[in-house]
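Trainee: Based on what follows, work out the 3D shape:
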Amino acid sequence: MDRKFHITTLTEQPRFRQTVSDRIWNAWWRNEGHEFDDIDRRVLQSLGPDTIPTALVAANGERFLGTVSLIDNDMDERPEYRPWIAALWVDPEHRRKGVGAALVRAAVKIAFETGVDTVYLCATPDNTPLYISLGWRQIEQNVAGLNILSLSR
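Mentor: Predicted coordinates:
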């Protein structure tokens, strides 16, 4: 597949940190009353030495296309599930071009390289079919309004 984008860690492209924070904040946290700086501090943790958390960035040169994160846990209701693929975002003009699928696969690869056998994510019912098409299995339904999926080696 001839992709017109590259995926790297945010550590490798820290110039995208504010953009990643902005997309995550606007997509999931702004309307919930959370401050941008709170989200930016979480994203900043991805620049540390540990594999988890890690933020990945898809870019075409200097143009940001999307992001995804590998985090310890994304759902307070299910602390036993870890690690999680979370905060998948692709800018609207780059959707349906393989960017999101590539980001998820890259995050899964990093998770498996840490030695875990299974990774998790939560998705809206509308987005669940995307993950199933990538080989994920739905393991729970309607947990805080979301479906939980897993992918094992």
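Trainee: centroid residue for the protein?
Mentor: Nearest residue to the geometric centre of the chain (Cα atoms, centre = their mean): Val68, 2.7 Å.
Trainee: in the longest helix along the chain, what counts as buried?
Mentor: Counting residues, the longest helix found in the chain (DSSP state H) is helix 99-113. Along helix 99-113, these residues count as buried under the neighbour rule (16 or more other Cβ atoms under 10 Å): Val99, Gly100, Ala101, Ala102, Leu103, Val104, Arg105, Ala106, Ala107, Val108, Ile110, Ala111. Where C-beta positions appear, they are placed from N, C-alpha and C, glycine not excepted.
Trainee: Could you pull up the mean pLDDT of it?
Mentor: Averaging pLDDT along helix 99-113 gives 97.
Trainee: Give the next helix or strand downstream of that helix.
Mentor: Using DSSP states H and E, the helix or strand that follows helix 99-113 in sequence is strand 118-123.
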